[in-house]
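Asker: just coords:
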Ligand SMILES: Nc1ncnc2c1ncn2[C@@H]1O[C@H](COP(=O)(O)OP(=O)(O)OP(=O)(O)O)[C@@H](O)[C@H]1O
């Protein structure tokens, strides 16, 4: 079976500083992989490189058997159709000048042939498509005409998630999707993401510094430090004696925070 995503010896530098240092990992369709690491470890850089928002210095990213060369527009276009991203700050993905329903369906306007099955019955009415998407992410249709500044942080993140699933991507990258939200809202958003993953059969690359969130969301976890993957394991093996010392430290900090 071909891996859905394969990253081989990926290196990325900024101004001579090595930010990602020989990263290799694989993901199968339907699997969710968590990337855990401290601030500055290179998590967001990794998501930007995978989505083609930033170029690769060395190594390769292969998505569904196709190597992504940023210079080849065709492979990037295919990638963008199948890989979507939800960022930490929902305001960054919503246009402040548009009612939020328009932002939610924007990806569909760029890929008119990529309508998911669950939108087919409303495909001739853009606003109805947005209403179906809103329903999927637990937002009332009364919010369709609102502007981003008229919504709470949690509601904005739900709109960003609606946008993220609008093409039913094979891979949804979630880059710290709950970090900007109140603690009381974080669990709701994680539950929503988990439900959507099951419902739409997506894979997640879930990036976070919150070990409990990664543990809740993911089948596998990779630990990133200073641009290097130190440890990678199935989530149920998180407490194993064979874990890297650094992972054990993260686990013990997470346990202390939970008390
Ligand atoms: N465009 C850029 N130009 C120069 N340096 C950059 C750029 N983007 C990121 N960096 C540097 O790369 C390192 C890793 O940043 P990155 O944002 O990937 O880390 P992170 O693990 O996502 O951190 P955080 O959790 O704080 O978002 C940091 O030292 C950062 O200063």
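Answerer: Structure's in. What do you need? Because the structure is predicted, anything quoted here is derived from the model rather than measured.
Asker: what's in contact with the lowest-mean-pLDDT helix or strand in the chain?
Answerer: One helix or strand of the chain scores below all others by mean pLDDT, DSSP states H and E: helix 73-82, with a mean of 74. Outside helix 73-82, the residues that touch it by Cβ atoms under 8 Å, 6 or more residues apart in numbering are 51-52, 63-64, 66-70, 110-111, 114, 167, 169-171. Any C-beta I mention is one placed from the backbone N, CA and C, and that applies to glycine too.
Asker: Figure out how far it is from the centre of its chain.
Answerer: Between the centre of helix 73-82 and the centre of its host chain there is 16 Å, according to Cα atoms, centre = their mean, to the nearest Å.
Asker: What's the first helix or strand after it?
Answerer: strand 83-86 (DSSP states H and E).
Asker: Next, the closest residue to the ligand within the stretch 151-259 of the chain: phi, psi?
Answerer: Per Cβ to the nearest ligand atom, residue 209 is where the stretch 151-259 of the chain lies closest to the ligand, at 5.6 Å. Dihedral pair for residue 209: phi -100, psi 0, per degrees, to the nearest 10.
Asker: residues contacting residue 60?
Answerer: Contact analysis of residue 60 by Cβ under 8 Å, 6+ apart lists 7, 8, 9, 10, 67, 68.
Asker: Among those, find me the one that's closest to the ligand.
Answerer: Each of the contacts of residue 60 was scored against the ligand by Cβ to the nearest ligand atom, and residue 10 proved nearest at 12.7 Å.
Asker: Assumed the closest one was part of a helix.
Answerer: No - going by DSSP: H, G, I helix; E, B strand; the rest coil, the assignment for residue 10 is strand, not a helix.
Asker: wait, doesn't it sit right on residue 58?
Answerer: Yes - the criterion here is Cβ atoms under 8 Å, and residue 10 meets it with residue 58 at 7.2 Å.
Asker: quick one: which of those two has more around it?
Answerer: Per other Cβ atoms under 10 Å, whichever of residue 10 and residue 58 has more neighbours is residue 10, with 22 against 13.
Asker: How much space separates that one from residue 227?
Answerer: According to Cβ to Cβ, to the nearest Å, residue 10 and residue 227 sit 10 Å apart.
Asker: what does residue 41 give?
Answerer: 7 Å.
Asker: what sits in contact with each of these two?
Answerer: What both residue 41 and residue 227 touch, as defined by Cβ under 8 Å, 6+ apart, is an empty set.
Asker: Counting neighbours, what do you get for residue 224?
Answerer: 23.
Asker: Show me the beta-bridge partners of it.
Answerer: residue 229 (DSSP bridges).
Asker: That one touches residue 35, doesn't it?
Answerer: Yes - contact between residue 224 and residue 35 holds when scored by Cβ under 8 Å: they sit 5.6 Å apart.
Asker: just checking, residue 161 touches residue 139?
Answerer: No - using Cβ under 8 Å, residue 161 makes no contact with residue 139, being 9.5 Å away.
Asker: Neighbour count: these two, which is higher?
Answerer: residue 161 (27 against 24).
Asker: returning to what we had before: OK, contacts around the residue of the stretch 151-259 of the chain closest to the ligand?
Answerer: 36, 37, 38, 39, 43, 176, 179.
Asker: Which residue ranges of the stretch 101-250 of the chain form strands?
Answerer: Under the criterion DSSP state E, counting those that start in this stretch, strands of the stretch 101-250 of the chain are mapped to 171-175, 203-208, 220-225, 228-234.
Asker: Which one of these lies nearest to residue 183?
Answerer: strand 203-208 (14.1 Å; Cβ to Cβ).
Asker: Leaving out chain neighbours, which residue sits closest to residue 211?
Answerer: Leaving aside its chain neighbours, residue 211 sits nearest to residue 254 (4.1 Å; criterion: Cβ to Cβ, 6 or more residues apart in numbering).
Asker: same deal with residue 189?
Answerer: Residue 189 sits nearest to residue 178 (Cβ to Cβ, 6+ apart), 5.1 Å away.
Asker: That concludes my questions; thank you for your assistance.
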